[in-house]
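> my questions concern the predicted model and sequence given below.
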Amino acid sequence: MAELAEDLKRVPLFADLDGRQIRKLAGLCHERTLKPGTTPVQEGTMSGVGFFVVADGQATVSVGGKEVGSLGPGDHFGELALISEAERTATVTATTDLRLLEIPFYDFRDFAHANPDVTWKLLQHVVRLLR
């Protein structure tokens, strides 16, 4: 669990959490390892509602078949679907071996309710995405 906590500390959204909070969040994570070419989330599908943190590896983000970004360690995705409980707005594709930490919607929601500072940072991040 210590490795998961270190992975989470690299995420700006969680950088200000204390040790107890980070350990609690790490306990909610499900670790997934994906091969290149695998798509953990696909645009236009529900594909499970969860929040993902890239622990190791690289991935691309595409919308409408066009690459619009890349992800690496410390990056996260899934926050829009997490909040809206709607279809995914982009496809994420592993370009290398990819180790992800997945936090299910219901666990993340409970964590955010108990930690309003995380909720506020998430809100600020979503506003930046929508600009």
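It's in.
> which residue is nearest the middle of the protein?
Nearest to the geometric centre of the chain sits residue 52, at 2.4 Å (C-alpha atoms, centre = their mean).
> shouldn't that residue be within a strand?
Yes: if the criterion is DSSP: H, G, I helix; E, B strand; the rest coil, then residue 52 is within a strand.
> list the contacts for it?
Shown here is residue 52, whose contacts under the criterion C-beta atoms under 8 Å, 6 or more residues apart in numbering are 40-41, 76-78, 92, 100-103. Bear in mind the C-beta positions are built from the backbone N, C-alpha and C, glycine included.
> could you pull up the mean pLDDT of whichever strand or helix holds residue 109?
Counting by DSSP states H and E, the element that carries residue 109 is helix 105-114. The average pLDDT for helix 105-114 rounds to 85.
> show me what the residue nearest to the centre of the chain bridges to in the sheet.
Per DSSP bridges, residues listed as beta-bridge partners of residue 52: residue 77, residue 102.
> pLDDT at it, what is it?
According to the prediction, residue 52 has pLDDT 92.
> separation between residue 79 and residue 128?
Distance of residue 79 to residue 128, computed by C-beta to C-beta, to the nearest Å: 11 Å.
> more crowded one of the two?
Neighbour totals were compared for residue 79 and residue 128, and residue 79 leads with 17 against 8 (other C-beta atoms under 10 Å).
> can you pull out the helices in the protein?
All helices of the chain, identified by DSSP state H, fall at 2-9, 19-28, 79-84, 105-114, 116-130.
> reformat those helices as TSV; add distance to residue 69.
Formatted as TSV, the entries for those read as follows, by distance: least, C-beta to C-beta, whole Å:
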stretch	distance to residue 69
helix 2-9	20
helix 19-28	24
helix 79-84	14
helix 105-114	22
helix 116-130	11
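> which of those has the lowest average pLDDT?
Summarising mean pLDDT across the helices of the chain, the least confident stretch is helix 79-84, with a mean of 67.
> returning to that earlier point: tell me the angle the helix holding residue 109 makes with helix 116-130.
On the basis of axes from the mean of the first three to the mean of the last three C-alpha atoms, to 10 degrees, helix 105-114 is oriented at 120 degrees to helix 116-130.
> what inclination does helix 105-114 have with respect to helix 19-28?
Taking the same axes, to 10 degrees, one finds helix 105-114 and helix 19-28 inclined to each other by 170 degrees.
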